[in-house]
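*Asks:* next comes the sequence, and after it the predicted model I'd like to discuss.
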Amino acid sequence: MARPRRIGVLTGGGDVPGLNSVIKSITYRATELGYEVLGIRRGWEGLTHQRGGSAPDPDYLIPLDRTNTRTIDRTGGTMLHTSRTNPRKMRADRLPAHISAARAATLTQDGVIYDLTPVVLENIAALGLDYLVPIGGDDTLSFAQTLHDNGVPLIAIPKTMDNDVQGTEYCIGFSTAITRAKEAINRQRTTLGSHERIGVFRIFGRDCGFTALYTAYVTSARCLIPEAPFDLDHLLDILVEDHRANPSHYAFVIAAEGAVWKGRSVQEVGDADAFGHRHKVNIAEVLADEIKSRTGIETVFSELTYDLRSGEPDSLDQMVAITYANVAMDLLADGARGRMVGIRDGKYSHSRLPDPALGARRVDLDVMYNVDRYRPHYAGLLGHPLLLGQSLAAAD
């Protein structure tokens, strides 16, 4: 008898609300199309560390069906778990225990960094995966490109609270991040006003400012983004004036984690992750200290990063997650491969996989940001798509 067709699904990188909605929707639609669905646990680690063979390894693989995914869309996170595994660049201390020294020697040039792409390809073949659906941001999807280049049929789905993946105007998790940030900031306004302070809120955005910008858009705030280095003296003049003009005598600014301070380099701390990223020094804490020392006004800084990715998705994220999953399955049913679903010009669409050489999608300063006043543009948007920014930097 012919074996059933099989789809593998995985989530990589940071978790965001909406991932479980994607997993459920893929599973439901796949069963209608006659596919089995195999959940790959812990992102790409599930395909580097599982022991091979056609039988699922419960540490890294779980069969998905309508029963075990029926209620997962009611919660956030990812039932498949996640990791920041980069199969192309794995340290010796992260190698799977079952890989022999002789095999490991074939996977490295220097004995320090190992490329486990051949192991992943072998496991995909052993599991009989006819298609792969990776869900992730730039880092996760960069390895999807490697698999596509090696002939693996796949359709990708973008997710990241930074909303910075090339090829789409929207990534799953973005709306929930803005919704949560707005709620948190509006709550903390009462404390800022009661104590007549200046607040600095740190938010997602290592390489781009979409999350900070849109949070500022809906809270009528100032914001600092990586695309536009800020002048501290000019910023202080604006914040002091905001503080003075506000009847409650408070002001605040939202700083993306990668905001660039003119005249200072952005310091990084800690060990680099599997994709070479280190944590940025907390810009909110440093900036709050500078504001207080230079103006004499009491300040407070607040961390608005990881709380924004917790819990269930908001309505928009859930709707987009469900639709992305079904668009992906439409593409899969049509035999497409090496594509990523997304939104372009405000419409559901698809594009080629993001080119890592392009880097992160960036805020269009002319359309979206007032570089002199450190705030979003609100005028002149007629004819622009709902989320304003262009979806990709190159044709698909």
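*Replies:* All right, it came through fine.
*Asks:* switch to C-alpha atoms for all contacts and neighbour counts from now on
*Replies:* Fine.
*Asks:* got the domain ranges for the protein?
*Replies:* For the chain, the structural domains run 5-172+313-358, 175-309+364-376, going by automatic domain parsing.
*Asks:* which residues sit against the helix or strand harbouring A288?
*Replies:* Counting by DSSP states H and E, the element that carries A288 is helix 283-295. Contact with helix 283-295 is made by 198-202, 236, 240, 255, 257-259, 297-303, as judged by CA atoms under 8 Å, 6 or more residues apart in numbering.
*Asks:* among the residues you listed, which lie within helices?
*Replies:* Per DSSP state H, helices hold the following members of those: 236, 240.
*Asks:* may I see the PyMOL selection of the buried members of the contacts of helix 283-295?
*Replies:* For the buried members of those, the matching PyMOL selection, counting by 16 or more other CA atoms under 10 Å, is:
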select buried, resi 198+199+200+201+202+236+240+255+257+258+259+298+299+300+301+302+303
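*Asks:* just to revisit the earlier point, in the helix holding A288, which residues are buried?
*Replies:* Residues 283-285, 287-288, 291-292 are the ones in helix 283-295 that count as buried (16+ other CA under 10 Å).
*Asks:* the strands in the stretch 101-250 of the chain, which residues?
*Replies:* Taking DSSP state E, counting those that start in this stretch to define them, one finds strands in the stretch 101-250 of the chain at 113-114, 131-136, 155-158, 198-203, 222-224.
*Asks:* chain center to the helix holding A288: distance?
*Replies:* 28 Å (CA atoms, centre = their mean, to the nearest Å).
*Asks:* next, the angle strand 198-203 makes with that helix.
*Replies:* Relative orientation of helix 283-295 versus strand 198-203 (axes from the mean of the first three to the mean of the last three CA atoms, to 10 degrees): 160 degrees.
*Asks:* least confident of the domains of the chain, on average?
*Replies:* Ranked by mean pLDDT, the domains of the chain bottom out at domain 175-309+364-376, with a mean of 91.
*Asks:* got a list of contacts for stretch 312-327?
*Replies:* Contacts of stretch 312-327 (CA under 8 Å, 6+ apart): 17-19, 21-23, 25-26, 29, 74-77, 157, 172-176, 179, 341-342, 348.
*Asks:* still on that earlier bit, using CSV, write out every CA atom in the helix holding A288.
*Replies:* C-alpha atoms of helix 283-295 as CSV (Å, rounded to 0.1, in the frame of the first residue of the first chain):
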residue,chain,number,x,y,z
ILE,A,283,18.2,51.6,26.3
ALA,A,284,15.3,52.5,28.6
GLU,A,285,17.3,52.2,31.8
VAL,A,286,20.3,54.2,30.4
LEU,A,287,18.1,56.9,28.9
ALA,A,288,16.0,57.3,32.0
ASP,A,289,19.2,57.9,34.1
GLU,A,290,20.4,60.5,31.5
ILE,A,291,17.0,62.3,31.5
LYS,A,292,17.0,62.6,35.3
SER,A,293,20.6,63.7,35.6
ARG,A,294,20.2,66.4,32.9
THR,A,295,16.8,67.7,33.7
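*Asks:* list the contacts of stretch 92-102.
*Replies:* Contacts of stretch 92-102 (CA under 8 Å, 6+ apart): 48-49, 51, 111-114.
*Asks:* try it again at 10 Å.
*Replies:* Stretch 92-102 has contacts (CA atoms under 10 Å, 6 or more residues apart in numbering) with 45, 48-51, 85, 87, 104-105, 108, 111-114, 116, 119.
*Asks:* ok, so of those, who is nearest L232?
*Replies:* Distances from L232 to the contacts of stretch 92-102, taken as CA to CA, are shortest for T85 (37.7 Å).
*Asks:* ok, now which ones touch that closest one?
*Replies:* T85 neighbours (CA under 10 Å, 6+ apart): 12-13, 42-48, 94, 139-140, 143, 273-275.
*Asks:* SS state for it?
*Replies:* coil (DSSP: H, G, I helix; E, B strand; the rest coil).
*Asks:* change the start of the numbering to 58 and stick with it
*Replies:* Yep, numbering from 58; the last one is T142 now.
*Asks:* now it: how far from G193?
*Replies:* According to CA to CA, to the nearest Å, T142 stands 12 Å off from G193.
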